[in-house]
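>>> Here you go, sequence then predicted model.
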Amino acid sequence: MTRIGVVVFPGSNCDTDTLHGLEVAGAEPVALWHEQASLDGVQAVVLPGGFAYGDYLRAGVIARFSPIMRSVSAFAAAGGLVLGICNGFQVLAEAGLVPGALLRNRGLRFLGRDVLITAERNDTAFTWLAGERRPLRMPVAHGEGCYFADDETLDQLERDGQVLFRYVHADGTRAGEAGDPANPNGSLRAIAGVMNAAGNVAGLMPHPERAAEAVLGSEDGLGILRSLVEATRRRAAEGIVPTVAGVVR
Amino acid sequence: MSAIAYRFAVNVTPKPGILDPQGRAVEASLGHLGIVGVSGVRVGRRIELTVEAASEEAARGVAGRLAAELLANPLIEAHEIELLGSGAPGAR
Amino acid sequence: MSAIAYRFAVNVTPKPGILDPQGRAVEASLGHLGIVGVSGVRVGRRIELTVEAASEEAARGVAGRLAAELLANPLIEAHEIELLGSGAPGAR
Amino acid sequence: MTAPAGGGAGGAGGALPLHRALGVTDDELLAIGDRLGRAPNDLELAIFSVMWSEHCSYKSSRPLLKTLPTEGEGVVAGPGENAGVIDIGDGLAVAFKIESHNHPSAVEPYQGAATGVGGILRDIFTMGARPIAVLDALRFGDPTDARTRHLVDGVVRGVGGYGNCVGVPTVGGELIFDPSYQGNPLVNVMAIGLLETRELTLASAPGPGNLVVLFGSATGRDGIGGASVLASATFTHDDPSKRPSVQVGDPFAEKLLIEASLELITRGLVEGLQDLGAGGISCATSETADRAGTGMLVDLDAVPRREPGMEPFEVMISESQERMLAVILPERRAAVEEVCARWGLPCAVIGRVTADGDIVIVAGGLTDDGHPAPGARELARMPARALTSDAIVHERVASPPARTRKAPAPGAPEAASDGLPERGMDPGAVLLALLGSANLASRQPVFEQYDSTVQTNTVAGPGRGAAVMRVKGTRKALVATTDCNAPVGGIDPWLGAALSVAEATRNISITGARPLGVTNCLNFGDPTRPEAFWQLTEAVRGLGDACRALGLPVTGGNVSLYNESPAGAILPTPEIGVVGLLDDIDRLTGPAFRTEGDLVFLLGAATPGLAASEYARLAGIAPEDGPPVLDLVREMALQRLVRAAIGRGLVASAQDVSAGGFAVAAAECAMWSGLGARLRLRVASSPAVDLFGESPSRIIISGRPQDADDLVRLAAGHGVPIEQVGTVGGSRLVIELAGSGATGAAEERGSRVADALDLPIEELDRVWRTGLSRILGWDAGS
Ligand SMILES: Nc1ncnc2c1ncn2[C@@H]1O[C@H](COP(=O)(O)OP(=O)(O)O)[C@@H](O)[C@H]1O
Ligand SMILES: [Mg+2]
């Protein structure tokens, strides 16, 4: 079985959803308490959504100092696969494990509704089973999801293929920045998810685990979870856990 | 016109006695940062703004109204106004 | 111990050039309030806290670490530290 | 009359005796003296003033509430507990309850609404249930008024700010505007939880010798006087002296409290659990003791505090949020402390359960075996019963208003008619006006500020009728809604309440689910006014009659009185919350049309009466018109029919006819599916009544042509009128009017009335979607 850890911070509220979603995606999910240093031998780590430490001060900032985050950083540095969803993405950004920052939504309101995103690449551990450039429908639910980085960084991210997901219209065209309802938070260049340079750590604002069963109205998120689970399984089979990043063919 | 531009900061803080969940969360996290000896954390807002007016009193009046009516919630927050500087309009 | 309690404010403001939708929202609502002549609104945070330390330098060091690592995100925010007062520990 | 001595000393406001300053009447002071056998001291008086407030004691409404039916299939816990609990099979049960936070929200909309959500969630997890859904029923005054907009904005942010953070999806609710709420908005919040039946936990304090543990946030000066002064006195928002220190919610602390409480319960570590709400420690200790027939010795010094220098009465009545009281066996103390510590929650043993039935408060500590320490002082001693079940009851006077028929709503056009409005002429224009109106336009700008999908159970969230949550590990789903027909209640409070129950349960039945039980929040005016008390009396009678007729238990609720402002009293607003159970989620039926070519049927028949309809709000009504009648027997037959038809797979879509009438319901079926329809409606009384009237007991369904005969037969068997009204298809909604009444009204007035409504769905959808943001002045988009 593919053991994937889901970190539980005080205030995480998508931890059980994510455990459930990973199970649907075929993994053996394991909850990891924020105060433990050990990753209990998991083969990949997911930071779930929620409001770790209430998201007080700034989303994700306090969680970043949890004991477990030191281990997650080391795991990531050694090439282990780490995915941050929503609040998990914010924690990764605050910890500097993925580039950029997540600012308050430009509309200054929390936004909970379905959005469309596409995977910019289908050759990463997080997207290879997600569906070729097809708009994926899944919910967002956040107040601080406006992706920000300076222009230079944004150019570099685009050049190096680190932009993983973008908000799109129904026809697959990229959403605008401010004022386009297809971009729920005004993210720069409609960025919904990014990864680190090595390609083993990724974060996205939408919630794939909330779109992983037909009864919930969409299964588009399942492909993202399955990408992670299957990539982890293959790497384990090849005896590379954790290992230097990689692009999974 | 003879207007001058005054730059103010409006500091908004939770009133004493009012629960400040943010301050509490920060305090609770200090241990993880290995920081000791910090207490009494209160988290508020700081708004900086420029008012163009003929005199400092007039400018302060505008900033004060803004603070009381828009920037702070008088039921739970206190505010104070701090002059940061002044100069010719347009030059911030 | 001979520790002294220092009260600081950490003012955190969005860096120039960084989106500040809150500041914009405040500016947009000025019209409704009938307030004119206000511009350049930036909305940030103000955190007040007490540090017990042997000297002001030591205390400032702690506040500075806290500000840089926790209270402000250097990517998007600037911060400055302001000493509000000092006194015997416990008396705030 | 001279009041017995008692705390004259601390009296605020000079001449005013303390008891009156605390809102205790002279009669009540005598009654307190009776129960104590002596005059109360100041601390006792302060505690009584809170416990005997309307909010805590239900002193005006208790006799009325006793008349409600509470028995029903599967009821595990009913009124009197923190929430009603009903068995749903598979070893599971559902807990649900609705509560108001009206007055706090009027003072501080964000925190008022936020703490309202926090409070009702605690009622749910106190029972051992994990909260799985929130619904918010909101009522405000004129949406174009600046103060209303401020309140709407703050309340919506508050509901979201709290619910989103604790991770409980907000899946439904209401948002209604009516001038009567201008000075007194209503914020009612319903919460639903799921529990394993064997983990049901009651709020009682059994076992003398057991420890009383307070855990969660520290106690501060929040909401001192809130329960007694704020929730019970007529509210004027300009009077700063009435402004209490506002309670601030901490959803993060609540999230930890949920996890810690449920862990304590799952591990069998608590004998009883009670949340702290209005009345704080006073209420939690006396209620749990009274339920178990025990008493409690409270060690005041042991209460963890947020601030120095708090007075005993402040500690005892503080409404600091996010706190729980547990009663535990002494040997479990370490285990309980360990759980609280792991969740980062302060936890303290603040007393012992005793056998003598008294709540005794001491300063100076307790000994290890639970007696006052040497030198400890007894500050208060009151029978737990006297504070709760034996609190005073007032027999209020009820008398109907001299003229029960109200004038049309302020702002309604002068020209009244029961036909189509002269101005509108074209029924299509009327439909568009209704769809874009404040009460009927899409609520998306509001509910998209809520997380409605967290917990991954939401099958149908807010926006299209009742909310549906699957129950993981089963084939079942829970269906929930809130509803209230306050405008009709303003004319006839019995009818308003009964209609509310009918509509709420109908909303459940059209999904195929069976309503399980009813919770209610009675929002009314000053009960010392005979007319307001009459409204309350009539509404409770209507609620009871409807629930009995539909075979449903009332499992709990909440009463909020004194909803008045200088501008007047609110419409009587008996908010109804219903939870239903769908046994097989594959049978779930939605309101949107499904397939081109399906036939459309109307179940039930329109009856006259346009008063209090949304149409009347827009167009005015004939002065002699009244509200539609309700036949509860027909309603029951209709709901049985639609459930049976869905159960047999004969129904593709089902939508009930409610606000805005048939035309609005049909438009919703079309907009939500993207499929048009061509319909022909036989006009029985007048075009306005058939198109826009809100007479109850009607459902629009669609189904496959080959199922038509079965449907007609099934309807006949249930004694429900059924009429095939058209076909699904195209991209326009066409409603033709046929029959004798179709043109009569128009001819009488000598005006030309189009006999068909023909609009592109796109246009309906655009008007409906953009209406609310436009009216509230919220800019669309992000
Ligand atoms: N304040 C609110 N919060 C969440 N959902 C709401 C709110 N107001 C209305 N809704 C949702 O919008 C839809 C329309 O509301 P309403 O017209 O009262 O429904 P119905 O006609 O089905 O009773 C429902 O799904 C309801 O749950
Ligand atoms: Mg309704």
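Perfect, thanks for sending it. It should be emphasised that the depicted structure is a prediction, and the values quoted were computed from it without experimental measurement. Residues are numbered from 1 along each chain as shown, chains lettered A, B, ... in the order given. Ligands and ions are numbered 1, 2, ... in the order given.
>>> where does chain B dip in pLDDT?
Scanning chain B for pLDDT under 70 picks out B:1, B:90-92.
>>> Tell me which residue is most central in it.
Taking Cα atoms, centre = their mean, the centroid of chain B lies closest to residue B:11, which sits 1.4 Å from it.
>>> thought that residue was touching residue B:43?
No. Using Cβ atoms under 8 Å, residue B:11 makes no contact with residue B:43, being 11.8 Å away. C-beta here means a position set from N, CA and C on the backbone, and glycine is covered the same way.
>>> and for the two, which residues touch both?
Shared contacts of residue B:11 and residue B:43 (Cβ atoms under 8 Å, 6 or more residues apart in numbering or on different chains): residue C:46.
>>> Show me the helices in chain B, by range?
B:21-33, B:56-66 (DSSP state H).
>>> same for the longest helix along chain A, what does it pack against?
Scanning chain A for the helix with the most residues, using DSSP H, yields helix A:222-237. If you count contacts as 3 or more Cβ pairs under 8 Å, 6 or more residues apart in numbering or on different chains; DSSP states H and E, helix A:222-237 packs onto strand A:3-8, helix A:15-24, strand A:44-47, strand A:81-85.
>>> any idea of the angle that helix forms with strand A:3-8?
Counting by axes from the mean of the first three to the mean of the last three Cα atoms, to 10 degrees, helix A:222-237 lies at 120 degrees to strand A:3-8.
>>> Could you list the residues in contact with the helix or strand hosting residue D:713?
Following DSSP states H and E, the helix or strand that holds residue D:713 is helix D:708-718. Contact with helix D:708-718 is made by D:599, D:601, D:603, D:637-638, D:640-641, D:644-645, D:648, D:650-651, D:701, D:703, D:721-722, D:724, as judged by Cβ under 8 Å, 6+ apart.
>>> from these, which would you call buried?
Using 16 or more other Cβ atoms under 10 Å in any protein chain shown as the burial test, the contacts of helix D:708-718 include D:599, D:601, D:603, D:637-638, D:640-641, D:644-645, D:650-651, D:701, D:703, D:722, D:724 as buried.
>>> which of those residues come close to chain B?
Among the buried ones among the contacts of helix D:708-718, no residue sits close to chain B (Cβ under 8 Å from any Cβ of the partner chain).
>>> Check what pLDDT the nearest residue to residue D:319 once chain neighbours are set aside gets.
Distances taken as Cβ to Cβ, 6 or more residues apart in numbering or on different chains place residue D:223 nearest to residue D:319, at 3.2 Å, with adjacent residues excluded. On the pLDDT scale, residue D:223 is placed at 78.
>>> can you tell me how far residue D:223 sits from residue B:22?
Separation of residue D:223 from residue B:22 (Cβ to Cβ, to the nearest Å): 20 Å.
>>> Check residue D:62 too.
In this view, residue D:62 and residue B:22 are 41 Å apart by Cβ to Cβ.
>>> ok, these two, which is more surrounded?
A direct count of neighbours by other Cβ atoms under 10 Å in any protein chain shown for residue D:62 and residue B:22 places residue B:22 higher, at 23 against 15.
>>> Does the helix or strand residue D:337 falls within reach chain B?
Taking DSSP H and E as the definition, one finds residue D:337 inside helix D:333-342. No. Helix D:333-342 is not in contact with chain B by Cβ under 8 Å from any Cβ; minimum separation 12.5 Å.
>>> How about residues contacting that helix?
Contacts of helix D:333-342 (Cβ under 8 Å, 6+ apart): D:211, D:213, D:215, D:260, D:263-264, D:267, D:269-270, D:326, D:328, D:346-347, D:349.
>>> Can you flag which of the residues you listed belong to strands?
Using DSSP state E, the members of these that fall within strands are D:211, D:213, D:215, D:326, D:328, D:347, D:349.
>>> Mind giving me the packing neighbours of the strand ranked longest in chain B?
With secondary structure taken from DSSP E, chain B has its longest strand at strand B:38-53. Using 3+ Cβ pairs under 8 Å, 6+ apart, the elements in contact with strand B:38-53 are strand B:4-14, helix B:21-33, helix B:56-66, strand C:4-14, helix C:21-33, strand C:38-53.
>>> okay if I get the ones you listed as JSON lines plus distance to residue D:79?
Formatted as JSON lines, the helices and strands packed on strand B:38-53 follow (distance: least, Cβ to Cβ, whole Å):
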{"stretch": "strand B:4-14", "distance to residue D:79": "38"}
{"stretch": "helix B:21-33", "distance to residue D:79": "33"}
{"stretch": "helix B:56-66", "distance to residue D:79": "49"}
{"stretch": "strand C:4-14", "distance to residue D:79": "50"}
{"stretch": "helix C:21-33", "distance to residue D:79": "45"}
{"stretch": "strand C:38-53", "distance to residue D:79": "46"}
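>>> and residue A:159, which of the ones you listed is closest to it?
Of all those, strand C:4-14 sits nearest to residue A:159, with 26.9 Å by Cβ to Cβ.
>>> I'd like to check the angle between that closest one and strand B:4-14, please.
Using the same axes, to 10 degrees: strand C:4-14 against strand B:4-14 is 120 degrees.
>>> Measure how strand C:4-14 sits relative to strand B:38-53, angle-wise.
Interaxial angle of strand C:4-14 relative to strand B:38-53 (the same axes, to 10 degrees): 50 degrees.
>>> what helices or strands is strand C:4-14 leaning on?
When contacts are defined as 3+ Cβ pairs under 8 Å, 6+ apart, strand C:4-14 packs onto strand B:4-14, strand B:38-53, strand C:38-53, helix C:56-66, strand C:77-87.
>>> Just give the strands next to it in its sheet, each with its orientation.
strand C:38-53 (antiparallel), strand C:77-87 (antiparallel) (DSSP bridges).
>>> buried sites along the first one?
Applying a neighbour-count criterion of 16+ other Cβ under 10 Å, the buried positions in strand C:38-53 are C:38, C:41-53.
>>> spatially speaking, which residue is in the middle of chain A?
Centrality entry for chain A: nearest residue to the mean C-alpha point is residue A:203, 3.0 Å, by Cα atoms, centre = their mean.
>>> ok so it is a strand residue?
Yes. Assessed by DSSP: H, G, I helix; E, B strand; the rest coil, residue A:203 belongs to a strand.
>>> Distance of it relative to residue D:257?
Residue A:203 sits at a distance of 29 Å from residue D:257 (criterion: Cβ to Cβ).
>>> Likewise for residue D:50?
Using Cβ to Cβ, residue D:50 is found at 22 Å from residue D:257.
>>> Name the residue in the two with the higher neighbour count.
Using other Cβ under 10 Å, the more surrounded residue of residue D:50 and residue D:257 is residue D:50, with 32 against 28.
>>> Tell me the helices and strands packed up against the strand or helix carrying that one.
Using DSSP H and E, the element containing residue D:50 is helix D:42-51. Secondary-structure packing of helix D:42-51 (3+ Cβ pairs under 8 Å, 6+ apart): helix D:18-21, helix D:26-36, helix D:280-292, helix D:312-317, strand D:377-383, helix D:384-387.
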